[in-house]
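Chemist: coords below, sequence missing:
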């Protein structure tokens with residue numbers, strides 16, 4: 001890696017130059033759409049973007065970046081990367097993102113779409129080199145590295161965004177506004193659920209890695225283990241070394257709504273239930289987690305519960321809420337005056353008679369979650385993206401603490417300031433891990 005001050009200084013200067021140019025553009029007399037037509041992006045306004053992980057979800061992010069200058073693409077699997085390579089034949093190609101970030105001096109912003117365990121090492125390296133970062137959810141694989149990324153984003157002034165795009169949707173923002181405005185009164189209790197989960201598994205026997213995959217680079221910071229097709233390209237989410245089960249996969253989408261609506265940040269206790277004992281290698285087929293959050297200014301304490309797999313919130317039965325809602329996931333806010341049930345694209349208020357005719361709160365329309373980030377990059381506005389790391393870091397920490405509580409099989413008392421489980425020092429082994437040499441943060 002090359003983290004010398006000269007490189008960092010030169011890249012920050014370029015970033016500041018783009019921000020200054022975008023700010024000056026706001027004062028031009030002739031609007032951009034007059035010169036280039038609606039949606040036209042002049043070359044001078046484009047970011048130089050590098051994408052790490054360009055297959056699967058990464059390919060979506062490559063396409064989202066297509067109206068900017070894609071200068072470099074990186075993936076450890078040549079087969080998964082093939083379509084992105086064909087789409088942008090002029091972009092430099094890499095397998096090792098560390099080499100790419102060292103070599104590509106013109107990069108303004110980096111998109112990280114790898115499996116969870118390499119999110120933070122890539123993001124932190126990019127930010128320290130003076131580059132903005134868009135990183136897929138969840139931000140990281142353990143609480144410590146997520147906190148490091150949050151701090152580095154603050155220190156460097158990088159414009160960041162976590163890839164939970166539903167946050168920018170009209171429904172989530174409208175529901176959050178309704179809760180903030182007190183439509184159901186004071187909220188002290190929230191329930192979130194997601195149907196699907198995966199069964200645990202033992203470590204499989206070794207297989208020979210295919211020639212189109214660099215298995216060592218895929219492992220990155222994770223402990224060494226032989227290749228098997230059950231890890232790559234899709235099933236890595238169920239293994240603790242690489243992912244965090246269903247809660248890790250969906251928690252940053254679904255818990256995002258109560259975090260946004262209730263200004264949640266750091267919990268004080270976390271407990272979890274599931275089929276035991278916890279498997280040392282992989283996540284469970286179902287889990288129920290419970291977080292307690294303290295008062296936030298005038299807002300009361302909140303108890304937040306998560307259900308996945310075949311579990312269902314008792315609120316469905318207690319309040320006769322249909323189990324089969326428009327989506328197989330959702331959030332129930334229990335207020336002093338009523339209840340609000342919401343998913344990605346729907347919401348419903350209870351009791352129905354009381355709230356008949358109430359519509360979703362009006363909020364400004366955003367172009368897209370990704371575009372919110374690129375526009376903020378051009379004006380050097382770190383707080384503009386809705387899920388900048390200052391917001392999505394604590395959200396991801398909560399998600400990961402849920403898995404820690406399950407693995408320790410006890411209620412965790414959490415000191416967020418010290419990043420420490422205070423009632424079980426042994427459980428702190430799950431808060432951080434030592435990365436393999438060459439992948440430190």
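Modeler: Now that the structure is in, tell me what you want to look at. Owing to the predicted nature of the structure, the values given are computational and were not obtained by experimental measurement.

Chemist: domains of this protein?
Modeler: As assigned by automatic domain parsing, the chain contains the domains 5-165+368-388, 168-222+230-363+396-430.

Chemist: so which of the ones you listed comes closest to residue 439?
Modeler: Ranking the domains of the chain by proximity to residue 439 (Cβ to Cβ) places domain 168-222+230-363+396-430 first, at 3.6 Å. No exception for glycine: its C-beta is placed from N, CA and C like everyone else's.

Chemist: right, and residue 348 touches residue 341 too?
Modeler: Yes. At 4.9 Å, residue 348 counts as touching residue 341 under the criterion of Cβ atoms under 8 Å.

Chemist: The two - which one has more neighbours?
Modeler: Per other Cβ atoms under 10 Å, whichever of residue 348 and residue 341 has more neighbours is residue 341, with 21 against 18.

Chemist: So for residue 348 and residue 341, which residues contact both of them?
Modeler: residue 325 (Cβ atoms under 8 Å, 6 or more residues apart in numbering).

Chemist: re earlier: pipe the domains of the chain into TSV and attach distance to residue 440 per row.
Modeler: Supplementary listing: the domains of the chain in TSV, determined by distance: least, Cβ to Cβ, whole Å:
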stretch	distance to residue 440
domain 5-165+368-388	8
domain 168-222+230-363+396-430	8
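
Chemist: Centroid-nearest residue for this structure?
Modeler: residue 137 (2.4 Å; Cα atoms, centre = their mean).

Chemist: Mean pLDDT lowest where, among the domains of the chain?
Modeler: Per-segment mean pLDDT for the domains of the chain reaches its minimum on domain 5-165+368-388, at a mean of 85.

Chemist: sorry, back to before: just the domains of the chain: most buried one?
Modeler: Of all the domains of the chain, domain 5-165+368-388 carries the top mean neighbour count, a mean of 20, counting by mean count of other Cβ atoms under 10 Å.

Chemist: Now do the SS call for residue 288.
Modeler: Here residue 288 takes the strand state, with states given by DSSP: H, G, I helix; E, B strand; the rest coil.

Chemist: Show the contacting residues for it.
Modeler: 272, 273, 274, 305, 306, 307, 308, 311.

Chemist: excluding its backbone neighbours, what's nearest it?
Modeler: In this structure, residue 288 finds its nearest non-sequential neighbour in residue 273, 4.6 Å apart by Cβ to Cβ, 6 or more residues apart in numbering.

Chemist: In the stretch 151-300 of the chain, mark out all the helices, start to finish.
Modeler: 170-180, 215-219, 245-254, 256-262 (DSSP state H, counting those that start in this stretch).

Chemist: Give me the residues contacting the last one.
Modeler: Identification of contacts with helix 256-262 by Cβ under 8 Å, 6+ apart yields 164, 166-167, 172-173, 175-176, 179-180, 187, 190, 192, 264-265, 293, 296, 299, 302, 304, 331, 333, 342, 386-387, 391, 394-395, 398.

Chemist: try the longest one
Modeler: Outside helix 170-180, the residues within contact range by Cβ under 8 Å, 6+ apart are 166-167, 184, 187, 256-257, 260-262, 333, 335, 340, 342-347, 360-363, 365.

Chemist: Looks like residue 326 contacts residue 342 (just checking).
Modeler: No. The criterion here is Cβ under 8 Å, and residue 326 misses it with residue 342 at 10.4 Å.

Chemist: So for those two, which residues contact both of them?
Modeler: With Cβ under 8 Å, 6+ apart, residue 326 and residue 342 have no common neighbours.

Chemist: on that earlier part again, for the closest residue to the residue nearest to the centre of the chain other than its chain neighbours, give its distance to residue 332.
Modeler: Leaving aside its sequence neighbours, residue 137 sits nearest to residue 252 (Cβ to Cβ, 6+ apart; 3.9 Å). Distance, residue 252 to residue 332, by Cβ to Cβ, to the nearest Å: 19 Å.

Chemist: now residue 364
Modeler: 26 Å.

Chemist: and what of residue 189?
Modeler: For residue 189, the distance to residue 332 - Cβ to Cβ - is 8 Å.

Chemist: Once you drop chain neighbours, what's closest to residue 405?
Modeler: Closest to residue 405 by Cβ to Cβ, 6+ apart is residue 272, at 3.9 Å.

Chemist: give the contact list for the residue nearest to the centre of the chain.
Modeler: Per Cβ under 8 Å, 6+ apart, neighbours of residue 137: 162, 163, 164, 252, 253, 392, 396.

Chemist: could you dump these to a markdown table with distance to residue 403?
Modeler: Shown next, in a markdown table, are the contacts of residue 137 (distance: Cβ to Cβ, whole Å):
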| residue | distance to residue 403 |
| --- | --- |
| 162 | 18 |
| 163 | 20 |
| 164 | 17 |
| 252 | 13 |
| 253 | 16 |
| 392 | 17 |
| 396 | 11 |
